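A.B. asks: Have a look at this prediction, sequence included:
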Amino acid sequence: MSHLYLLDTNTIIYILKAKSVAARNRLAALSPGDVACVSVVTEAELLYGVAKSGDGEAKRKSLEWFLARIKVLAWGREEAAAYGILRARQEQLGKSLGPLDMQIAAHAITIGAILVTNDRAFRQVESLPGVENWATAF
């Protein structure tokens, strides 16, 4: 059975900065048919991080290299609709996330992807197809 994995910002940072060998190895060991991708929302977060860093040029090149090798998914009307429902539901439950995290969660829900993150806050989103943390040993 193949899986679709949506990588969250922190997972990509762990991979690019070599902070997690487990995350890097897990990405490299995807089964045939499995697909790893990122939301354009995550791309925006990463570009923001590069823009505000002191050695932005080296980080920008590393990020561009990575993004050229992975599918970056657009955020559109379906994701916006899922976001509205998700945000209202999470607020009713008293379990709100930050706005960009909420957009990333809505994206994963819309495309039926397992969200790969080290952020425990996503575990409170019951409608996610799945949450995995590749930054730990597998």
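C.D. replies: Cool, the structure landed. Numbering: from 1, shown residues only.
A.B. asks: Mind giving me the packing neighbours of the lowest-mean-pLDDT helix or strand in the chain?
C.D. replies: Sorted by mean pLDDT, DSSP states H and E, the helices and strands of the chain end with helix 56-67, the least confident at a mean of 87. Applying 3 or more C-beta pairs under 8 Å, 6 or more residues apart in numbering; DSSP states H and E, one finds that helix 56-67 contacts helix 9-16, helix 40-52. Bear in mind the C-beta positions are built from the backbone N, C-alpha and C, glycine included.
A.B. asks: Identify, out of the ones you listed, the most deeply packed stretch.
C.D. replies: helix 9-16 (a mean of 22; mean count of other C-beta atoms under 10 Å).
A.B. asks: ok so, going back, between the least confident helix or strand of the chain and helix 9-16, how many degrees?
C.D. replies: Helix 56-67 and helix 9-16 are oriented at 100 degrees to each other (axes from the mean of the first three to the mean of the last three C-alpha atoms, to 10 degrees).
A.B. asks: Can I get helix 56-67 in PDB, CA atoms only?
C.D. replies: What follows is helix 56-67 as a C-alpha-only set of coordinates in PDB (Å, rounded to 0.1, in the frame of the first residue of the first chain):
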ATOM      1  CA  GLY A  56      20.900  33.300   4.100                       C
ATOM      2  CA  GLU A  57      22.700  32.500   0.800                       C
ATOM      3  CA  ALA A  58      24.000  29.100   1.900                       C
ATOM      4  CA  LYS A  59      20.700  28.200   3.400                       C
ATOM      5  CA  ARG A  60      18.700  29.400   0.400                       C
ATOM      6  CA  LYS A  61      20.800  27.300  -1.900                       C
ATOM      7  CA  SER A  62      20.300  24.200   0.300                       C
ATOM      8  CA  LEU A  63      16.600  24.900   0.400                       C
ATOM      9  CA  GLU A  64      16.300  25.400  -3.300                       C
ATOM     10  CA  TRP A  65      18.200  22.100  -3.900                       C
ATOM     11  CA  PHE A  66      15.800  20.300  -1.600                       C
ATOM     12  CA  LEU A  67      12.700  21.800  -3.100                       C
END
